[in-house]
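Visitor: structure for the following, please:
(one chain, ligands or ions: 1)
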Amino acid sequence: MTGIANNRSIAWGIAQQLHQAGANLGITYLPDDKGRYEKKVAELVEPLNPSLFLPCNVQDDSQIDATAEAIRQQWGHLDILIHCLAFANKEDLTGGFSETSRQGFSLALDVSAYSLIQLTRAVKPLMTHGGSIVTLTYLGGVRVIPNYNVMGIAKAALEMNVRYLASELGPEKIRVNAISAGPIRTLASSAVGGILDMIHHVETVAPLRRTVTQTEVGNTAAFLCSDLSSGITGQILYVDAGYEIMGMG
Ligand code: 0WE
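Guide: Presented below is the predicted three-dimensional model:
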């Protein structure tokens, strides 16, 4: 499980539902100088009794390899990889898309899209009985959402990664899918101006007239990681209260 930052994280919703479904969890966190995430995330996840708790900054190949090596030593194999990571510079999530810097583009695609390839490569040898890989995406990778900007390009790349990885790993019985979640108030989205207006828009337009919860995304992830979804791979599954089907907002 990657991507738990706090109790609002979609990854936290997924971790809870996988735990409830009986999964033995390994959790990674983003290490930083002050150890802020390490302490916070460790306290949060304690009730789920993770048997692995590891630092993993996905911009560092050696940390990805160390994570896979720790899994190999502790468990010998892996069934599930949950990828819930994205980052773009704040200045690239507002204003003119044509002003996106080369560095900002590279950073967003590295953290948000390339990391799925690199994590998959590292854990593939551990998925000896097949496996399920699930990542999180957003409609802004398919349609223009104001200010999503470079993250939209990163999500488009991520969604295509899902298809190429699913094609390559299918013969190994490893399935790769994405959940396209509607907007939810999290640490990442709250840092974005206008998220409350977007949520209000979804509440008036989406067929279910509401947004989705972390638990609903978590339940969908549990489905995609279980044999209930054994025939599904390479797909983008919308968990968005139906918003994606609408043509008039
Ligand atoms: O994928 C996301 C959030 C991704 C994200 C958010 C931040 C905020 C803080 C990536 N990098 C950063 N970097 C920061 O410094 N979402 C789907 C949530 C989201 O983000 C938006 C949205 C929505 C929805 C940005 C603009 C417009 C809508």
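
Visitor: three-state assignment of residue 81?
Guide: Classification of residue 81 by DSSP: H, G, I helix; E, B strand; the rest coil places it in strand.

Visitor: do you know how far the nearest residue to it once chain neighbours are set aside is from residue 72?
Guide: Once flanking residues are discounted, residue 81 sits nearest to residue 133: 4.6 Å by C-beta to C-beta, 6 or more residues apart in numbering. For the C-beta atoms, the positions are set from N, CA and C on the backbone; glycine is no exception. Using C-beta to C-beta, to the nearest Å, we find residue 133 at a distance of 17 Å from residue 72.

Visitor: cool, residue 87 as well?
Guide: 27 Å.

Visitor: neighbour-wise, which of residue 133 and residue 72 wins?
Guide: residue 133 (27 against 15; other C-beta atoms under 10 Å).

Visitor: buried sites along stretch 144-152?
Guide: 145, 147, 148, 149, 150, 151, 152 (16 or more other C-beta atoms under 10 Å).

Visitor: quick one: average confidence on that stretch?
Guide: Mean pLDDT, computed over stretch 144-152, is 97.

Visitor: contacts for it?
Guide: Contact with stretch 144-152 is made by 86, 88, 92-95, 97, 100, 104-105, 108, 112, 138-141, 192-194, 198, as judged by C-beta atoms under 8 Å, 6 or more residues apart in numbering.

Visitor: first vs last residue of that stretch, how far apart are they?
Guide: Start-to-end span of stretch 144-152 (C-alpha to C-alpha, to the nearest Å) is 8 Å.

Visitor: is the ligand contacted by that stretch?
Guide: Yes. Stretch 144-152 is in contact with the ligand by C-beta under 6 Å from any ligand atom, via 145, 147, 148, 151.
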